[in-house]
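S.K.: this one's structure only:
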């Protein structure tokens with residue numbers, strides 16, 4: 001009866017769903033319970049900076065966590081925070097590629113980190129966003145070719 005369906009409409013619904021998920025997740029407070037007993041997490045102070053909308057300051061503080069070389073330093077915490085900052089919906093300089101790189105580095109360099117599991121989830125979400133963007137580009141290209 002009709003022509004063969006290509007299934008591209010499903011992707012049109014998937015992209016907004018992923019964006020909504022990312023927006024809600026990026027706006028969620030930074031977790032504080034990962035640090036463990038006897039360890040003081042720096043994420044609550046970073047959250048306060050992010051709540052003010054000062055992403056540059058939050059990035060700088062996260063990079064300090066990453067580069068600190070003391071007994072109680074938490075470079076995995078710095079990488080996790082940088083990943084969230086670069087994916088944050090309100091960040092005017094959001095960069096999903098950099099965000100993914102921070103999460104991937106955390107998983108590779110600190111596989112036993114309490115942030116590794118959530119970082120793997122973020123990698124999957126960011127990969128899906130990238131794939132969805134590629135599908136959208138292909139759809140737009142096909143529309144131009146067919147003149148629709």
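M.R.: Nice, I can see it. What you see is a predicted model; the values in this text were computed from it and never measured. Numbers count the residues shown, from 1 in each chain.
S.K.: gap between residue 144 and residue 137?
M.R.: The gap separating residue 144 from residue 137 is 11 Å, by Cβ to Cβ, to the nearest Å. C-beta here means a position set from N, CA and C on the backbone, and glycine is covered the same way.
S.K.: Grab the most central residue of this protein for me.
M.R.: Ranked by distance to the mean C-alpha position of the chain (Cα atoms, centre = their mean), the top residue is residue 87 at 4.1 Å.
S.K.: Assess the claim that that residue and residue 101 are in contact.
M.R.: No - using Cβ atoms under 8 Å, residue 87 is not in contact with residue 101, being 11.2 Å away.
S.K.: Low-confidence regions, this protein specifically.
M.R.: 1-42, 148 (pLDDT under 70).
S.K.: May I have the phi/psi pair for residue 72?
M.R.: Per-residue torsions, residue 72: phi -100, psi 20 (degrees, to the nearest 10).
S.K.: ugh, typo on my part, it should be residue 52
M.R.: phi -80, psi -10.
S.K.: Show me which parts of the helix or strand where residue 63 lies are buried, residue by residue.
M.R.: In this structure, residue 63 sits in helix 55-67 according to DSSP states H and E. Within helix 55-67, the residues that count as buried by 16 or more other Cβ atoms under 10 Å are 55, 58, 59, 61, 62, 65, 66.
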